Every structure is written in C-alpha cells, then in structure tokens.
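Peer 1: sequence and predicted structure below; questions after.
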Amino acid sequence: MGLYLKNILGYQADTASQLLQVWKATVYLTPLIGAYLADAVMGRFWVILVFSIVYMLGMLGITLVNLIPALKPLAGITPPVGMSATRDIFWAFMYLTALGSGGIKPCVSSFGGDQFKEDSPRERKWRSRFFNFFYAVINIGSLVATTVVVGVQESKGYGIGFGIPTIFFGVAIAAFIFGYKLYVRLPVEGSPFTRIWRVCAGAVAKRKMAAPASPTDLYEPPPDAKKNVQFKMPHTHHMQCLDKAAINTGDIYQVSLTEVEETKAFLGIVPLFMCICIYQMAYDPIFTLLPYPGNVMDRRMGSTEIPASSISFANTFGVLFTVAIYDFIVVPITQKMNRPISMTLRIGLGFVIQIMALVSAALIEMARYKLVQSKGLVAKFNAGGATADAMNPAYTEPMSIWWQFIPYFLTGMSEVFTNIGTMELFYTQVSPGMRSLGTSVYLLTVAVGTYMASALNMLVTVASPNDLWVANNPLFGHYDWYFWLNAAILTAGLGAYVTIARGYKEKPVTGAEQGSETERVQLLSVMTRGPHTE
C-alpha cells in the first residue's frame, strides 16, 4: 500500500509512510467501539456481521475508485476529477474499512475462543492451539495477498487487484452467515466500562472503612439473586485497596467480589500493555519502510522481476514455520519436562527476535548504501539532472532484494511469540464478560504503537530536514539509522517489559468462572459431525 500511495497517488515517501501509519493506527483503535458493542449490547456474532458489511462497502469503494475512469489514478497522470478529489474519496473509503475493522478484529478471535470451556484443561490446550492456527490462517491470507494480489495489481491494474479481495470477502460473509446455527453465542454481560467505574468509585467511597478479616465476608450475591454478571471469580491478594468496594453496605456503590476481581484482572494487564506498545512501534518500520529501498534493488527472480512488496511473503513463512515448530515440537517437549513456557516469557522472546529483525534490516541497509557509493550511483543519478528517475533500471542497485527475506522472516517469528502470546494473555486473563474488550486492548497496542511510530517518523523528519533519514529517493537518506534507532528503543522496551513481567501473576482458573456452561456447545464436537476441517 505504501508503494501505491507513493507511485500512484503521488505522495512523498515520508508523507505516504505517515499517512499509512495513521490509517493503520485507526484500524486498531476502532476495535474499542466493536468490543463495547459486543460485550454490552449486540453480542459478538452480530457485531462481526454488521461491521463486516461496513468493511465490505469500504473495499468496494476503493475498488471503484481504481476502476471508474473519472476517478482512476495512474502513475504520473492526474485523473479527470483531479488528484485531490481522488485522494479524498480514496481515503474516505479507506477509513470506512477502518471502521469495519473495529467490529471484526476484536470479536473474531474471541468468538472462536468462546467455543472452548474455561474449566477444562484439555479444552484450554485446544484454545491455545486455536489462537496459534487462527494467526497462521491470517498469515496464509497475507501470503496470497503479497504473492498473487500484488502481482495482479502491477500487471492488470489496481482496480482488478483490489477487486479480488473484495469478492472473496463477500464470499466469507456468506460463509459466516451459513454457519449461524453451529456457533456458541454467549449472552452479553453489560458494559464492562460501567463495572470498572463502579468498582473504582466504590473503592474510593469506602476507602476509610475497615476491610473485613476474611474475603468470604465481602459481598457476593447468592446463586438465585439478580446479578450484574453471570460468572464468578476467586479472590486474589493484589490490589487489595479495591476489595473495599465489595464491603456489603447496600449503597449505590455496592459491587460484588467478582466485579472487583474482574477489575483487578483488567487493570493488571495495563503495565504489560504499555510495554507491548513499544514492540508494536518497532514492528512497524519493517513493513512501512523496507519496500522503498526494495523498489530500487535487484528484484529479479529468474527471468521475471517480482514486486518489492511481494518479498514480505517471507513474513508469512516466518509465522507458519514458527507456529509449526512451536506447536508441534517446543510445546510438547516443555510439557514433558514439566516446564511449560508461560505467556509472559513467550511475549518476551518475541521482543528479542524483533530486535534481531531490526538489526538485520539496519545491516542490510548499511551494505546497500556502501554498494550505492562504490558503484557511483549517486553521482550517476545527479548527472541525470531533474528528469532522472530512481526507478530507471540504470540506477538499479546491484544488491538482491532477497536479502530482505531475513528481517521479514524474523519479524514473522517474533509475531508468533509476542502477538499470539499477547492475544492469548489479554483474552484469558480478563473475565468472561470482558473478552472482547481484552482482545480490543491487544489491538489497541497496535494502534498506540503505530501512532508512536508515526510520531517518531515525524520527529526524525523535523530533526533532519536537510538530510532526511527516510528519503523519497532510496539512493539517499539514512534508512539504516532509522532501523538502528528502533532497535535501540525496543531494547529499552524489553528491559522495562522484563521488570514488569517478573511481578505479573496470571489469574487462577477455577470452575467458578465457567458461567452457565449448560448453554455452551463445544465447537469441536459440532465439527466432528461432518468432515474433519482442522
């Protein structure tokens, strides 16, 4: 998409990168809306369906912008309505897809996780495997996009290139509706934000009261009483200042022990959230910046030339390879040794691998700049005058784009550890009534991290206006410095994460959390009535 903005819509490289980062951040910010509607109003199934239709309309609009002659942008050619109008319409539909993502992203993975019983050790293992393979399937789709769709866009045009995923997304919506009767659809539990507010307000209002000697003296409604939530959570000994909210006074601030523990669980992941935002910030440059130098590198594969964006398929390979190794080799071995990898350790390993990815990208860029200088490409380009085009084969750098396979592959590996680990942690460590919210908080790390990446990009641009690090012409600039800077920031983030993760304790799993299990149907048992589809 970055190359589309630069080459077709005519943005400068740094501007295209910043616009794409802000849009991407919005994609991961809107899930807060979808999570609230799913947990408090509509339920996950209906939120997924309604927002998928919104997303579909956005995709259809982007496709039409690139098909309708009056709007269609072409490289170096202004469309009849003007480039400004085309850009405005394009971004309107792009942000419509961002809104649609707000209902899809926080609900699809949590909707799948809902199909497994919390109090069953065997189903918890299935659920963990589900998150692994859910992420793997997403990346298979990404692989098809980078190898097939990108090629179609370059050879047949962006109208057809955008049209292909639009059609397939329509098919996906139809398939989702077709499975309506097979799904476990849990009832909504009311607004989690309201419950968090009531717990915090109650704790402040009762702060001067003496805490009961035993947690059993804290208020918990009897089984047959009307309750704000239909599940129970056991007492924990951290954040004990919040326990006072459950002292039984019968006033307007009265909340149950379960609501207090639900709030504790949510607030407990906030420090981890802040560290993971740093990871997401340092994850972003691999995808937003590498395509620019890749576009002027040697892109030959045999007798054909691959699009610069297609090399990102290595990221998908990294994900699929690591998921298979982790799920089928690492997990069984660590379980036999009775030393399973905790979710916090898994996330930290992803930090380390992502630092390696950034360092590899920086080293590749250093080697590329040395070749540019040794081959005299800068002098040759400057001699070409104002009409010189960096895309001209005469300025192609004698360095294979396949070197970029390394940082993309390592980034895919890091995703399996940090992104999947975070997805699972933020789903399992909150209450059953906050699971869409928990997933949206994971997605919010991407939003905040991407906004941070955009801010860093702008700060670097402002700090070096006469010697841009992210130059529009990759023969110039200091892309390597930018990757080194991100590696340094992520290393500091890893130090903060290790400090916080050491003090984090996962919430206990008990049968009390299961809720009304008689209403739940195992997805696996339903699927085994037909052909095996794992």
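Peer 2: It's in.

Peer 1: for the nearest residue to V460 once chain neighbours are set aside, give its distance to W484.
Peer 2: Once flanking residues are discounted, V460 sits nearest to W469: 5.3 Å by CB to CB, 6 or more residues apart in numbering. The way it works is simple: take the backbone N, C-alpha and C, and place the C-beta from them, glycine included. W469 sits 10 Å away from W484, going by CB to CB, to the nearest Å.

Peer 1: then T97?
Peer 2: From T97 to W484 the distance is 34 Å (CB to CB).

Peer 1: and for Y408?
Peer 2: Distance, Y408 to W484, using CB to CB: 18 Å.

Peer 1: of those two, which one has the most company?
Peer 2: Y408 (24 against 18; other CB atoms under 10 Å).

Peer 1: which stretch of helix or strand covers the more buried one?
Peer 2: helix 405-428 (DSSP states H and E).

Peer 1: ok, P398 next?
Peer 2: Going by DSSP H and E, P398 is in strand 397-400.

Peer 1: related to what we said a few turns ago, kindly export the helix holding Y408 (C-alpha atoms) in PDB.
Peer 2: Taking Å, rounded to 0.1, in the frame of the first residue of the first chain, the C-alpha atoms of helix 405-428 are listed here in PDB:
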ATOM      1  CA  PHE A 405      13.900 -12.100   3.300                       C
ATOM      2  CA  ILE A 406      15.800 -12.100   6.600                       C
ATOM      3  CA  PRO A 407      14.200  -9.200   8.500                       C
ATOM      4  CA  TYR A 408      10.700 -10.200   7.200                       C
ATOM      5  CA  PHE A 409      11.200 -13.800   8.300                       C
ATOM      6  CA  LEU A 410      12.500 -12.800  11.700                       C
ATOM      7  CA  THR A 411       9.600 -10.400  12.200                       C
ATOM      8  CA  GLY A 412       7.200 -13.300  11.400                       C
ATOM      9  CA  MET A 413       8.900 -15.400  14.000                       C
ATOM     10  CA  SER A 414       8.600 -12.600  16.600                       C
ATOM     11  CA  GLU A 415       4.900 -12.200  15.800                       C
ATOM     12  CA  VAL A 416       4.200 -15.800  16.800                       C
ATOM     13  CA  PHE A 417       5.800 -15.200  20.200                       C
ATOM     14  CA  THR A 418       4.700 -11.700  21.000                       C
ATOM     15  CA  ASN A 419       1.500 -11.100  19.100                       C
ATOM     16  CA  ILE A 420      -0.100 -14.500  19.600                       C
ATOM     17  CA  GLY A 421       1.100 -14.600  23.200                       C
ATOM     18  CA  THR A 422      -0.400 -11.100  23.800                       C
ATOM     19  CA  MET A 423      -3.600 -12.100  22.100                       C
ATOM     20  CA  GLU A 424      -4.000 -15.200  24.300                       C
ATOM     21  CA  LEU A 425      -2.900 -13.400  27.500                       C
ATOM     22  CA  PHE A 426      -5.300 -10.500  27.000                       C
ATOM     23  CA  TYR A 427      -8.100 -13.000  26.300                       C
ATOM     24  CA  THR A 428      -7.500 -15.400  29.100                       C
END
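
Peer 1: could you check how far the strand holding P398 is from the centre of its chain?
Peer 2: On the basis of CA atoms, centre = their mean, to the nearest Å, strand 397-400 sits 32 Å off its chain's mean C-alpha point.

Peer 1: then stretch 134-143?
Peer 2: Distance, centroid of stretch 134-143 to centroid of chain: 12 Å (CA atoms, centre = their mean).

Peer 1: quick one: K181 from F45, how far?
Peer 2: Relative to F45, and taking CB to CB, K181 is found at 11 Å.

Peer 1: which of these two has more neighbours?
Peer 2: Shown here are K181 and F45; by other CB under 10 Å, F45 has more neighbours (20 against 6).

Peer 1: need the contact list for the more buried one.
Peer 2: Neighbouring residues of F45 by CB atoms under 8 Å, 6 or more residues apart in numbering: F111, Y180, Y183, R185.

Peer 1: next step: those restricted to helices.
Peer 2: F111 (DSSP state H).

Peer 1: now the two most distant members of the contacts of F45.
Peer 2: F111 and Y180 (12.2 Å; CB to CB).

Peer 1: more crowded one of these two?
Peer 2: F111 (22 against 10).

Peer 1: how about the more buried one, nearest residue that isn't a chain neighbour?
Peer 2: R44 (4.3 Å).

Peer 1: what about the one you found, neighbour count?
Peer 2: Neighbours of R44 using other CB under 10 Å come to 28.

Peer 1: where does this structure dip in pLDDT?
Peer 2: 2, 117-120, 123-124, 128, 189, 224-230, 253, 386-387, 389-396, 507-534 (pLDDT under 70).

Peer 1: helices and strands around the helix holding Y408, which ones?
Peer 2: helix 83-113, helix 121-144, helix 270-288, helix 313-325, helix 343-374, helix 435-463 (3 or more CB pairs under 8 Å, 6 or more residues apart in numbering; DSSP states H and E).
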